[in-house]
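**Student:** Quick one: sequence and predicted model below, then my questions.
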Amino acid sequence: MSKKTLRLDFPQWQGGNNPPYYLGSQLLSFLAPTAKGPVEEVPVALPDAETLTQVDGITGKPQIIQQLRDATALIEKHNPDAIVVLGGDCLVSLAPFAHLLNKYGDKLGVLWIDSHPDVQTAAQYPNAHAHVLGALMGTGDNDLVASVTAPLSPEKVMIAGIHHPLAYEREYLDTHRIATSSPEEIKNGAHEVLAWIARENIAYLAIHIDLDVLDPSLFRSVLFAQPGRGEHDFGDVAEGKLTMAEVLKLVHQATSQTEAVGVTLAEHLPWDMLNLKNMLSELPLLK
């Protein structure tokens, strides 16, 4: 019997406190191949419709929690076997991956393709898109963690593309013994990823792709390619080093050994399209 795959359009921008993520999600939905199963869109307010405030040290927490509940309800409505998520910021993976953990248990592995581990808490950083993988493992804000009824075991996580983590992130990764693979290791064959799949007997795979794992000099629709940016505008955090071909090869290698049941695309920031959209809104006969 074929698996039911839900496509979830999730234009969340509040988790990253960055309005262009809304347009990024819409464009991903437009560009993606036609869905073969049900499609739902999580309701998200337009960026100009609300002002975000901090609650419990998290920017936009009331909006984030409501969207988390809405996403969970849409997923429960369909009870899918697999989920594709077109975001939005990285927090969009929380509800879908929590569902997949409930369904597949310790047979599920999470391949987190990202320059960053997303294991921070409000004590380190107020934007919850950097908290999501930690929440899936049961650490961080109580309301985020409460949405995960079957927490992800750290040994079932592989973070691929990560480099130069911050001090807190390095300590977290070491303490929880989370497997990682650097951009150089991925370029050299991703043997660490395949060894992790075999070692942990992973039968099903949820794949999170933060597009900022891509080299911003080659793919311009990411945070670090913001037009006019200064060298140190993003706090000297790690920037992507991979190509699309390398990410695709990694995914194909991993799914040759396991069955993909989740795919998230997140953090699409289409700067040129955003600027063109703003220009169109100012032209005669259009505005």
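**Tutor:** Right, received. Where do you want to start? Numbering: from 1, shown residues only.
**Student:** Helix or strand for residue 265, just tell me which one.
**Tutor:** Element membership of residue 265, judged by DSSP states H and E, is strand 259-266.
**Student:** Tell me how many other residues crowd residue 222.
**Tutor:** Neighbourhood size, residue 222 [other CB atoms under 10 Å]: 24. Bear in mind the C-beta positions are built from the backbone N, C-alpha and C, glycine included.
**Student:** Which of the three states applies to the closest residue to it other than its chain neighbours?
**Tutor:** Counting by CB to CB, 6 or more residues apart in numbering, residue 222 lies nearest to residue 212, which is 4.6 Å off, once chain neighbours are set aside. Per DSSP: H, G, I helix; E, B strand; the rest coil, the secondary structure class of residue 212 is helix.
**Student:** coming back round to it: buried sites along the strand holding residue 265?
**Tutor:** Across strand 259-266, burial judged by 16 or more other CB atoms under 10 Å covers 260, 261, 262, 263, 264, 265, 266.
**Student:** In CSV: those residues, plus distance to residue 56 and pLDDT.
**Tutor:** Shown next, in CSV, are the buried residues of strand 259-266 (distance: CB to CB, whole Å; pLDDT from 0 to 100):
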residue, distance to residue 56, pLDDT
260, 34, 98
261, 32, 98
262, 28, 98
263, 30, 98
264, 25, 98
265, 28, 98
266, 23, 98
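**Student:** ok, back up a step: average model confidence for the helix or strand just after the strand holding residue 265?
**Tutor:** Next helix or strand after strand 259-266 toward the C-terminus (DSSP H and E): helix 271-280. Mean pLDDT, helix 271-280: 96.
**Student:** So for helix 271-280, what gets flagged as buried?
**Tutor:** For helix 271-280, the buried set under the neighbour-count rule, 16+ other CB under 10 Å, comprises 271, 273, 274.
**Student:** Which other helices and strands does the helix or strand harbouring residue 29 contact?
**Tutor:** Take DSSP H and E as the rule and residue 29 turns out to sit in helix 20-31. The elements that helix 20-31 packs onto, with contact taken as 3 or more CB pairs under 8 Å, 6 or more residues apart in numbering; DSSP states H and E, are strand 5-10, strand 82-87, helix 271-280.
**Student:** Same list (these) but as TSV, adding distance to residue 218.
**Tutor:** TSV is the format used below for these (distance: least, CB to CB, whole Å):
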stretch	distance to residue 218
strand 5-10	26
strand 82-87	21
helix 271-280	14
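**Student:** if we can go back for a sec, okay, now the residue nearest to residue 222: neighbour count?
**Tutor:** 27.
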